[in-house]
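Visitor: What follows is a predicted protein model with its sequence.
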Amino acid sequence: GAVVSQHPSRVICKSGTSVKIECRSLDFQATTMFWYRQFPKQSLMLMATSNEGSKATYEQGVEKDKFLINHASLTLSTLTVTSAHPEDSSFYICSALAAGLANTGELFFGEGSRLTVL
Amino acid sequence: DAKTTQPNSMESNEEEPVHLPCNHSTISGTDYIHWYRQLPSQGPEYVIHGLTSNVNNRMASLAIAEDRKSSTLILHRATLRDAAVYYCILRGPQGGAQKLVFGQGTRLTINP
């Protein structure tokens, strides 16, 4: 099946620094990618929808200046957590919708990136 | 987004069938029923989806009630690797917004 890769899988940073997480579709083109965050023992919360070449659409309550999303190509979307604080520590997961497979309805998810802010 | 209701947790034994229920009484006529599962410390993975008819694939079967207000994911012979959180999600017509909004899901425990 299609593969979505996230990097880094784990990152630890100091409070106040910015962290970039990459999401790549390895063997297909993704016109749309989604970013989620997940706190321990909780479900996934959708943060934003990212379309290639246009601005991301953020869910209510998600700060667009805090979580910068760029989808510059059909195989890469990045999430930058700016000026990270301990409360931003979470599991960030991306998913991609394959352009050619859009009608199957299946979304492909990355392995997740665990961010720890000290 | 139309809401789904699932039991918080279920438990089953290895090599036995598992029936995971999902209620979606406010489903619209064009909503697809999707199931994903999430193993510990991993991203979710697709299991199955359907609209009206029952569906089968190599992972599971999806039984959809005639009124579409509920569905059941069936794992025919559970293994320890099937221990995960299972999410039942309604999704708009393909070609639309496409986003998946996750509920709390059912945490499935498999006993050896």
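Guide: Looks like it arrived, so ask away. Numbers count the residues shown, from 1 in each chain, chains lettered A, B, ... in the order given.

Visitor: Okay, and the beta partners of the residue of chain A found nearest chain B?
Guide: Closest residue of chain A to chain B, Cβ to the nearest Cβ: residue A:109 (3.5 Å). Heads up, the C-betas are built off the backbone N, CA and C, glycines and all. With beta bridges defined as DSSP bridges, residue A:109 has these partners: residue A:95.

Visitor: Just give me the neighbour total for it.
Guide: Other residues within reach of residue A:109, judged by other Cβ atoms under 10 Å in any protein chain shown, total 23.

Visitor: wait, it sits on residue A:92?
Guide: No: applying Cβ atoms under 8 Å as the test, residue A:109 and residue A:92 come out as separate, 11.5 Å apart.

Visitor: so what's the residue of chain A closest to chain B up against?
Guide: Shown in contact with residue A:109 (Cβ atoms under 8 Å, 6 or more residues apart in numbering or on different chains): A:4, A:93, A:94, A:95, B:36, B:43, B:44, B:45.

Visitor: Provide the backbone phi and psi angles at residue A:72.
Guide: The phi/psi pair for residue A:72 (degrees, to the nearest 10) reads phi -80, psi -20.

Visitor: What is the burial count for it?
Guide: 10.

Visitor: and it, what is it in contact with?
Guide: Residue A:72 makes contact with A:52, A:53, A:78, according to Cβ under 8 Å, 6+ apart.

Visitor: quick one: buried residues of stretch B:83-102?
Guide: For stretch B:83-102, the neighbour count (16 or more other Cβ atoms under 10 Å in any protein chain shown) marks B:83-91, B:98-102 as buried.
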